[in-house]
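>>> heads up, no residue letters with this:
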């Protein structure tokens, strides 16, 4: 994943409305009108969010000229997911060792005259 | 082993990474494990094969810390920073700078230890100075190279 693409993905996901739009599109394609319905927002406001998502490559437009359904594009999200998963794995290994160490410290602390 | 919780990592905005994790121990112990060199070097190691020959901590506002990791194959990775806030056992704020050129600029780490019924919820917020600093994490030699997975797609859409 290029840094530019990762930046665009991070920026696009920073907004709760845009995350909600993506969650809706994960269930299936939808027109701007359909996407606007659950939000207390005008269609132009939704279109503005869609532009950001399209620029980040997260959403594409379908062929139907009348409805112009929007579609979720999985690739950038999968790349971001991989990035976060690497981060998570790195830390999970550390935290599992920390769990074991904390168990050991707790045992020490419950012994009398252990000093702490 | 214990009922410690699962690690949740999420991206907040463009420059922040937030991790939450529950530990089955009081926060005084978790704080101690995070700030005592002989304890830190036993767990803050990353993937297999890395040890921590240098771990120095001067735990006071303005005090410095210094970590150096070494892999069995000879690779080294170092980082350090300055403590900005030290409120034992509930809050720790420090800067972080890596020695390696893939990590430009500085990060700011804020650790909040919250205790509930003998367990500790730790929230770690890493605020990177720039997007390129955040991206430096991508190039870390510690990166484990996990393959992309589409399975968690729905989860990340909801959680990101």
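Received the coordinates, thanks. Computed from a predicted model, the values in this text were never measured in an experiment. Numbering: from 1, shown residues only, chains lettered A, B, ... in the order given.

>>> Secondary structure of residue B:115: a strand, I assume?
Yes - Residue B:115: assigned to a strand according to DSSP: H, G, I helix; E, B strand; the rest coil.

>>> check contacts around it.
Residues counted as contacts of residue B:115 (C-beta atoms under 8 Å, 6 or more residues apart in numbering or on different chains) are B:26, B:27, B:121. For glycine as for every other residue, the C-beta is placed from the backbone atoms N, C-alpha and C.

>>> again, 6 Å this time
Counting by C-beta atoms under 6 Å, 6 or more residues apart in numbering or on different chains, residue B:115 touches B:26, B:27.

>>> Beta-bridge partners for it, please?
Counting by DSSP bridges, residue B:115 forms beta bridges with residue B:120.

>>> Residue B:125 now?
Beta-bridge partners for residue B:125, by DSSP bridges, are residue B:18, residue B:110.

>>> and chain A, which residues reach chain B?
Counting by C-beta under 6 Å from any C-beta of the partner chain, chain A comes close to chain B at A:3, A:7, A:10-11, A:13-14, A:22-23, A:26, A:74, A:77-78, A:81-82, A:84-92, A:94-95, A:97-99, A:101-102, A:105-106.

>>> Write a ChimeraX command that selects only the buried members of these.
With 16 or more other C-beta atoms under 10 Å in any protein chain shown as the criterion, this ChimeraX line picks the buried residues out of those:
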select /A:7,10,11,13,14,22,26,77,78,81,82,84,85,86,87,88,89,90,91,94,95,98,99,101,102,105
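
>>> In chain B, which strand is the longest?
When chain B is parsed with DSSP state E, its longest strand is strand B:76-87.

>>> can you pull the buried residues of the helix or strand just after that one?
Counting by DSSP states H and E, the next helix or strand C-terminal to strand B:76-87 is strand B:91-98. For strand B:91-98, the neighbour count (16+ other C-beta under 10 Å) marks B:92, B:93, B:94, B:95, B:96, B:97, B:98 as buried.

>>> cool, and stretch B:42-54?
Neighbour counts using 16+ other C-beta under 10 Å place B:42, B:43, B:44, B:45, B:46, B:50, B:52 of stretch B:42-54 among the buried residues.
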